[in-house]
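When you get a sec, could you give me coordinates for this:
(chains A, B and C)
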Amino acid sequence: MIARFSDVVVVYDNFPALAGASFEISSGEIVLLQGPNGAGKTTLLRACAGLLPIARGTATVLGCDLGVDRFSVRAKVGLLGHANGLFQDLTVEENISFWSRLIGASDHDVETAMKIMGLSARLCATRVANLSAGQRRRCALATLIVRRAQLWLLDEPHAGLDSQGRDELDKTLRAAREAGATVVFASHETDRAASLATRRLTVVGGVVSES
Amino acid sequence: MRRTTDNKVTRGKVASAVLLKDVRVELRSRVVTNQVLPFAGLVMVMFAFALDNDDVLQRVAGGLVWLATLFSLFFIVQRSFAIDTQDGALDSLRVAGVDLSAVFFGKAIALAIKLIALDVVLVCGAVLLYRVDLSASGLVLLVTCVLCATVGLAFVGTLYGGLTAGARGRETLLPLLLLPVVAPVLIAATRATEAAFGSGGAQTSEGWAWVGLLAVFAAAFGIGGSLAFGSLIDE
Amino acid sequence: MSQVLQNSSPTGTRATKVIGVCAILVMAWVVVSGLILTPQDVVQGESVRIMYVHVPSAWIAYLAFIFTAVASAGWLLSKKHSMGFDRFAGASAEVGVMFMAITLITGSLWGRLTWGEFWQWDPRLTTTAFLFVTYVGYLAVRRLEGSVEQRARRSAVVAMLAVLEIPLVHFSVVLWRSLHQGATVLNPNGDVKMDDLMLFTLFSGVVGFTLVFIWLVLHRQRTMLLVDVANGQGLDSAIATRRAEGSVA
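Residues are numbered from 1 along each chain as shown, chains lettered A, B, ... in the order given. Below you'll find the model as predicted:
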């Protein structure tokens, strides 16, 4: 059992972004979160990463009770939000090696990640500020790959990527699953995502249900 | 793709990675050199306009250097965290699962380096604009004072900068929180600098006690900051 | 819990009523004694009577500061992070800021009346001014957005940092002022020759102000509790509304 949420409420300034979410995610799944804007998909992903306090209910992710200690789960997950988490003035390679150095990944891991995301040598030497949105997304995904996390949490990862980039992303997510990770991603692209996902959850009004 | 938990990254490695990142970003973007240093220089000139008396300026030069430092501190601290909040890197830092006290030290040392560069310029400005004399023993005192004071300011700046970073409306809180805390640094650094400059007949030997106070301040907030930073930077 | 919030939710209990009555009685005595019964000072004349407000206010201001620090430490160290600690810390800080303002204003007036100066860089006065600004900052931090738990954690840490900062400020100001040996440290309090009645009135003032402080803090932390409960109940209806979003679609 990778994650279990039971009637979880997460609050932003007295607004219940998650209003009693309950679901279970087993190991090795690729779970698609679908739902309208403002439904709570982003909140759900961030809560799984241990970033948000649980106001009500119980949530367990990778063996950590988020109500008691939501800090130790963070090292085990990889989160890719709407923003890319990159430093604009550094090159692609400097960005990836910064994040990899923080978690003790090897140079080999870095090279592999850059190759998987199709980041050429020329691209790696370019400052992030000079990249297109799609290229930045690929760089961000590379920093996620380097983490080799047990649980991958991605918020609309396909956004901004061209069709080649999307294919590479899908390949990467499948490879991650084969290597033993679990993937949860939110997406508006139901067709493509449907072929990728092993399971679909619908998030509406802060509540989760099976599709 | 199981993550090996054996290769635990040492705090030193995390701190140096963060330090290197901050310094590298500054070298590339040159915000401190191109914006903050000119601002500080301008402040020194403005003081001369306002005080309009060579003897007075010479007498208070020490205090003016540190006032200009404090005013510039806000910009440098906010810039230090803007680097991280710009593209959501602060969130990634939180999720990274690293020891946040190591991040604290990395960012603080980077901040201290920028402050030292700033103070070198300000001291030169004081020597040039306010006609201050600097002896050899005074220089030793001054260098020690600048080192201790900037490290203390860097610790406090990183700590409260972390608290006020990110969400809307928090940046304006930084001066309110920071100024009461850095008052001891202002008092001690000014007295030590005046002793180094020999302003108002102060002897160099008098300045060392004040440097001691600066060192105590830096130690206190280095320890306190590393403990508190993790809680303050979390959402 | 819903019983707590009715049309009127009094925050008083038997304890606060008793404390309130005692406070009124003691303060009435202080007013009568301070304004009428005690003699004027040989040097300062009638202006010495400000002392009966200024000194107890200063005492309460520092008591509030210590109380906030202890309550904050309590929150940080307790396993359950009981919110009661956080509410007491916040209430104490609010009341403390008020008494600090009174201390600074009365001290300023007193100095003006006796020595013609609104302000002196006396270490105690200067440190009190810094404490005041620090606590205004603490209250601003309490009002930052976030959940109740986040507010409690942030402000507890800021309060602990204030405990670290205030002695440093005080020490450096004392050292600073000691340089100015020539300038007289004009402290109206130090020059007053106190007879027994004045001393007793001053002591009663301290007791009376302490009772007022306790009474205010108890009521304030209860209103904070009611606000938290109201938010909690508001949360229930907000959750219901939120879930309804889903069923409409």
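
Compute the distance between the most centrally placed residue in chain C and chain A, please.
Geometric centre of chain C, nearest residue: residue C:96, 1.0 Å, by C-alpha atoms, centre = their mean. With distances taken as C-beta to the nearest C-beta, to the nearest Å, residue C:96 is found 27 Å from chain A. From N, CA and C alone the C-beta is placed, and that goes for glycine too.

Contacts only, for that residue.
For residue C:96, the contact set (C-beta atoms under 8 Å, 6 or more residues apart in numbering or on different chains) comprises C:60, C:61, C:63, C:64, C:65, C:67, C:68, C:135.

and stretch C:157-177, anywhere near chain B?
Yes. Contact between stretch C:157-177 and chain B, assessed by C-beta under 8 Å from any C-beta of the partner chain, occurs at C:157-158, C:160-161, C:164-165, C:168-169, C:171-173, C:175-176.

Low-confidence bits of chain C, can you list those?
Residue ranges of chain C with pLDDT under 70: C:1-9, C:180-193, C:247-249.

For residue A:211, which non-adjacent residue is closest in space?
Computed as C-beta to C-beta, 6 or more residues apart in numbering or on different chains, the closest residue to residue A:211 that is not its neighbour in sequence is residue A:200, at 3.9 Å.

number of nearby residues for the one you found?
By other C-beta atoms under 10 Å in any protein chain shown, the residues close to residue A:200 number 15.

Would you map the helices across chain C?
Counting by DSSP state H, chain C has these helices, from start to end: C:14-32, C:51-77, C:83-115, C:123-142, C:148-179, C:196-248.

what do you get for chain B?
Using DSSP H, helices in chain B cover B:11-29, B:31, B:37-51, B:54-85, B:89-95, B:100-129, B:136-164, B:173-197, B:204-233.

can I get the ones you listed in JSON lines with distance to chain A and mean neighbour count?
JSON lines is the format used below for the helices of chain B (distance: least, C-beta to the nearest C-beta, whole Å; neighbours: other C-beta atoms under 10 Å in any protein chain shown):
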{"stretch": "helix B:11-29", "distance to chain A": "4", "mean neighbour count": "19"}
{"stretch": "helix B:31", "distance to chain A": "9", "mean neighbour count": "19"}
{"stretch": "helix B:37-51", "distance to chain A": "18", "mean neighbour count": "15"}
{"stretch": "helix B:54-85", "distance to chain A": "6", "mean neighbour count": "21"}
{"stretch": "helix B:89-95", "distance to chain A": "4", "mean neighbour count": "22"}
{"stretch": "helix B:100-129", "distance to chain A": "9", "mean neighbour count": "22"}
{"stretch": "helix B:136-164", "distance to chain A": "16", "mean neighbour count": "24"}
{"stretch": "helix B:173-197", "distance to chain A": "17", "mean neighbour count": "24"}
{"stretch": "helix B:204-233", "distance to chain A": "8", "mean neighbour count": "20"}
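
Turn the ones you listed into TSV, columns for mean pLDDT and distance to residue A:124.
Formatted as TSV, the helices of chain B follow (pLDDT from 0 to 100; distance: least, C-beta to C-beta, whole Å):
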stretch	mean pLDDT	distance to residue A:124
helix B:11-29	94	15
helix B:31	90	24
helix B:37-51	92	32
helix B:54-85	92	20
helix B:89-95	90	18
helix B:100-129	94	24
helix B:136-164	94	30
helix B:173-197	92	36
helix B:204-233	92	30
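
Out of those helices, flag the one nearest residue A:5.
Evaluated with C-beta to C-beta, these place helix B:89-95 nearest to residue A:5, the distance being 18.2 Å.

Please list the residues of chain A that sit near chain C.
Applying C-beta under 8 Å from any C-beta, one finds that chain A approaches chain C through A:9, A:11, A:13-16, A:19-20, A:36, A:39, A:53, A:55, A:204-207.

so residue A:208, which of the three states?
Secondary structure assignment for residue A:208 (DSSP: H, G, I helix; E, B strand; the rest coil): strand.

Relative to residue C:238, how far out is it?
Distance, residue A:208 to residue C:238, using C-beta to C-beta, to the nearest Å: 18 Å.

neighbour count winner among those two?
Neighbours per residue, other C-beta under 10 Å: of residue A:208 and residue C:238, the larger number sits with residue A:208, 22 against 18.

what about chain A, any weak spots by pLDDT?
Within chain A, not a single segment meets pLDDT under 70.

the residue most distant from the middle of it, which is it?
residue A:122 (26.7 Å).

That residue is in what secondary structure piece?
For residue A:122, the enclosing helix or strand under DSSP states H and E is helix A:121-124.

So which elements touch that helix?
For helix A:121-124, the packing partners by 3 or more C-beta pairs under 8 Å, 6 or more residues apart in numbering or on different chains; DSSP states H and E come out as helix A:92-103.

What residues does chain A have near chain B?
Proximity of chain A to chain B is confined to A:49-52, A:71-72, A:74-79, A:81-90, A:94, A:98-99, A:101-104, A:127, A:143, A:147-150, A:176, A:179-181 under the rule C-beta under 8 Å from any C-beta.

So which of those belong to strands?
Mapping these onto strands (DSSP state E) picks out A:77, A:78, A:79.

Are any of these buried, and if so which?
Buried subset of these (neighbour count, 16 or more other C-beta atoms under 10 Å in any protein chain shown): A:77, A:78, A:79.

beta partners for the second one?
Put plainly, it is residue A:78. With DSSP bridges applied, residue A:78 shows beta-bridge pairing to residue A:152.

so it makes contact with residue A:157?
No. Between residue A:78 and residue A:157 there is no contact under C-beta atoms under 8 Å: 11.2 Å.

in chain C, what residue is nearest chain B?
The minimum distance from chain C to chain B, using C-beta to the nearest C-beta, falls at residue C:172 (3.9 Å).
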